[in-house]
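>>> I'd like to go over a predicted model; first the sequence, then the structure.
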Amino acid sequence: MTSVLARIPFSVLDRSRTREGRPAAEALRDTVEFARQAERLGYHRFWVAEHHGVPGVAGSAPTVLAAAVAAATATIRVGTGGVMLPNHQPLVVAEQFGVLESLFPGRIDMGLGRSVGFTPGVRRALGRDKDVAEDFEGQLAELLGWFRGTSPTGVRARPSDGLSVPPFVLAMGEGARIAARAGLPMVIGDLGDRERLRRGVDLYRALFRPSEWAAAPHVVVSGTIAVAATPERARELLVPEAWSMAYSRTHGTFPPLPPAGRVAELPMTEKERGFFEAGLTGRLAGTEEQVAHELETVVKETAADEVLVTTSTYDRDALLDSYRRLAVLTGREPSR
């Protein structure tokens with residue numbers, strides 16, 4: 001553990017990944033149990049994600065899942081990473097978070113993204129298209145207005161009006177500019193391209209305008225981190241997700257996670273192999289000593305205020321062990 005890593009919070013984003021041969025309901029229950037474990041390990045936040053019509057992801061209703069997580073825990077902050085605002089009316093999102101904050105006061109975060117459905121069919125089913133994401137900045141302003149009670153319609157959002165739910169912007173591309181102009185904390189993830197990561201952080205800080213939500217820039221760096229007893233074992237943790245991502249890039253569908261040992265038996269085209277190998281790079285993976293060194297470098301280069309860990313793998317015990325090792329090396333104090 002180093003002072004650099006001990007001075008900032010570490011948090012968890014779980015995407016409720018499904019696993020081969022197991023039902024989606026089990027993935028959701030695993031997420032809730034994982035949140036309990038993350039709380040015991042001393043993590044600061046536990047966030048869930050939004051995906052629609054994706055075979056490999058069970059988390060399609062993040063505010064519903066966040067409610068289950070918050071009910072099963074006591075102290076850890078709970079939120080979304082994120083609700084994809086273009087898929088929803090801002091009033092409905094405000095109401096959902098208002099209900100969450102009313103039920104679990106002082107523990108709810110509102111992480112917001114600008115992605116739309118994974119495929120054209122999903123976007124049609126949602127009644128959305130990619131053009132909707134172009135007005136994310138306007139949708140964001142409308143959403144925040146519902147909490148301020150400043151809607152021009154005369155309608156008041158209940159029970160959101162007057163509540164304070166910390167908003168975060170997931171900064172993909174233009175997201176850094178939007179977060180800065182709105183004066184909101186930014187979540188940015190690109191550990192595979194440190195130069196691009198630094199450019200995004202620098203742009204955000206340069207354009208940041210203080211707001212009622214944040215007086216100063218707040219940078220949350222997000223990415224995959226795998227910690228194990230050996231570098232080989234840490235790399236093995238990355239294999240299921242890397243294969244699933246490679247398959248999605250070449251087949252247009254995101255499959256459940258396979259066991260790492262089975263991936264070696266799967267046939268891959270040259271193109272798939274390239275995507276697979278790329279998925280194994282740009283991640284922080286290794287022993288405690290190796291990961292601590294890499295993490296220190298990232299935190300120092302970006303002056304990050306927080307780290308959000310997004311690791312997924314088939315072996316749940318190995319995944320929890322990785323998070324346990326990370327908690328210890330970053331100075332968390334796991335409770336019994």
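Done, it's in.
>>> all strands for the stretch 151-300 of the chain, in order.
167-170, 186-188, 219-223, 225-227, 284-286 (DSSP state E, counting those that start in this stretch).
>>> Touching, residue 287 and residue 229? I think so.
Yes. Checked against CB atoms under 8 Å, the pair residue 287 and residue 229 is within contact range at 6.9 Å. Quick note: C-beta positions are derived from backbone N, CA and C, even for glycine.
>>> And the two? Which one has more around it.
A direct count of neighbours by other CB atoms under 10 Å for residue 287 and residue 229 places residue 287 higher, at 17 against 11.
>>> any idea how far the more buried one lies from residue 319?
Separation of residue 287 from residue 319 (CB to CB, to the nearest Å): 16 Å.
>>> do residue 48 as well
16 Å.
>>> between those two, which one's more packed in?
residue 48 (29 against 20).
>>> Contacts only, for that one.
Residue 48 sits next to 13-16, 31, 59, 62, 65-66, 69, 79-81 when contact means CB atoms under 8 Å, 6 or more residues apart in numbering.
>>> Let's see which of these end up in helices.
Counted as lying in helices by DSSP state H, out of these, are 31, 62, 65, 66, 69.
>>> Residue 273: which of these is nearest?
residue 31 (30.9 Å; CB to CB).
>>> The closest one: what's its closest spatial neighbour, skipping adjacent residues?
Closest residue to residue 31 apart from its sequence neighbours, by CB to CB, 6 or more residues apart in numbering: residue 16 at 4.7 Å.
>>> got it, and residue 187?
residue 220 (4.4 Å).
>>> ok, how many other residues are close to residue 306?
19.
>>> just checking, it touches residue 13?
No. Counting by CB under 8 Å, residue 306 stays clear of residue 13, with 11.6 Å between them.
>>> Mind checking the strands of the stretch 151-300 of the chain for the one nearest to residue 134?
Going by CB to CB, the one of the strands of the stretch 151-300 of the chain nearest residue 134 is strand 167-170, 15.4 Å.
>>> just checking, what packs against the closest one?
strand 108-113, helix 136-148, helix 175-182, strand 186-188 (3 or more CB pairs under 8 Å, 6 or more residues apart in numbering; DSSP states H and E).
>>> can you rerun that using 10 Å?
With contacts defined as 3 or more CB pairs under 10 Å, 6 or more residues apart in numbering; DSSP states H and E, strand 167-170 has these neighbours: strand 77-80, strand 108-113, helix 136-148, helix 175-182, strand 186-188, strand 219-223, strand 306-309.
>>> out of these, nearest to residue 93?
Using CB to CB, the helices and strands packed on strand 167-170 put helix 136-148 closest to residue 93, at 5.7 Å.
>>> pLDDT on that closest one, on average?
For helix 136-148, mean pLDDT is 93.
>>> Stretch 84-102 now?
Stretch 84-102 comes out at a mean pLDDT of 95.
>>> what's the answer for stretch 277-288, then?
Per-residue scores along stretch 277-288 average to 91.
>>> quick one: low-confidence parts of this protein?
The chain contains residues with pLDDT under 70 at 1-2, 118, 129-133, 334-336.
>>> Grab the longest helix from it for me.
The chain, longest helix under DSSP H: helix 231-251.
>>> my read: residue 321 touches residue 288, true?
No. Between residue 321 and residue 288 there is no contact under CB atoms under 10 Å: 11.6 Å.
>>> residues shared between the contacts of those two?
Both residue 321 and residue 288 are in contact with 227, 228, 229, where contact means CB atoms under 10 Å, 6 or more residues apart in numbering.
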